[in-house]
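[1] quick one: sequence and predicted model below, then my questions.
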Amino acid sequence: MARGAPLEPERADRLRTAVRELGSAVIAYSGGVDSALVAAVAQRELGDRALAVTGVSPSVASGEVEAAMALAARIGIRHETVPTSEFENPAYRANPVNRCFYCKDELYGRLSALARERGYACVVDGSNADDGATPLDVRPGRGAAVELGVRSPLAESGMTKLDVRALAHEFGLPVWDKPATPCLSSRVPHGTAIEVDDLRRIDLAERYLRASGFSVVRVRHFGKTARVEVPLEDLDRLRARSANVERALRDAGYARVEIDPRGYRTGSLNEKP
């Protein structure tokens, strides 16, 4: 993945200042490039007054928590995990269009309680200035962040996704070019109830495809049908392996496998039919 345009030094300086002025913070840390950069800056500016916390639930893809733990150790920031219970909320499992609100409300609620108990000044997340910039990039979870007073130093500093990747590269973070890895529930169309077994099926299918060399992939879940999205430049390679892909995804529990000819799109399940 190309780094894109050089980072504007003023934005990086604003980010460092914004984090330093927090005084202390709990970071909602997934191990993706955005939250990893916030954690790295917090470690440099706040030291032991910063704590990275990763939520653990069935909607997190296999290996993501372990990878986040390893990266936190590399960054040198204090790190903990906390189980979240969004699956106990019927509103979340019903999978409405604002499903992400219930997930983030659960996570940020737990982190806010932790911050209060331990005397941290605030909770921060990894939202950047580009998040929600397109009509299909719907982020109901931002509502939960606003309600609970969660700060977003990247967005507040004007850091775009390209800025984030550039500064993460400068910091030597190995995830600087890591593709986005939203929760597994985002593969299920709104209005279709979310079941843990379905998420395990999605996870298994995507793990196979990533192991086959498709670093950016989504398996959209339509009951017994899996609709596979990869970037347009990878479509021919996927089609050439379609027999193996279909066999593997049938083993994962799907009766039918489709390759989406439109390729991977962020928020494709938000598209109108």
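    Received it, and whenever you're ready, just let me know what you need.

[2] next, the buried residues of stretch 103-111.
    In terms of neighbour count (16 or more other Cβ atoms under 10 Å), stretch 103-111 has its buried residues at Cys103, Lys104, Asp105, Glu106, Leu107, Tyr108, Arg110, Leu111. For every residue, glycine as well, the C-beta is placed using N, CA and C.

[3] no, scratch that, I was asking about stretch 215-226
    For stretch 215-226, a neighbour-count test (16+ other Cβ under 10 Å) marks Val216, Val217, Arg218, Val219, Arg220, His221, Ala226 as buried.

[4] which SSE is the residue nearest to the second one when sequence neighbours are not counted in?
    If you skip the residues right next to it in sequence, Val217 has Leu209 as its closest partner in space, 4.5 Å away by Cβ to Cβ, 6 or more residues apart in numbering. Applying DSSP states H and E as the criterion places Leu209 in helix 196-211.

[5] tell me how far that helix lies from the chain's centre.
    Using Cα atoms, centre = their mean, to the nearest Å, the mean C-alpha position of helix 196-211 is found 16 Å from that of the whole chain.

[6] same question for stretch 174-186.
    Using Cα atoms, centre = their mean, we find the averaged C-alpha position of stretch 174-186 to lie 5 Å away from the chain's own average C-alpha position.

[7] likewise stretch 11-31?
    For stretch 11-31, the distance from its own C-alpha centre to the chain's C-alpha centre is 18 Å (Cα atoms, centre = their mean).

[8] end-to-end on it?
    Here the two ends of stretch 11-31 are set 22 Å apart, with distance taken as Cα to Cα, to the nearest Å.

[9] wait, Lys224 touches Glu258, no?
    No - the pair formed by Lys224 and Glu258 falls short of the contact definition of Cβ atoms under 8 Å, at 11.4 Å.
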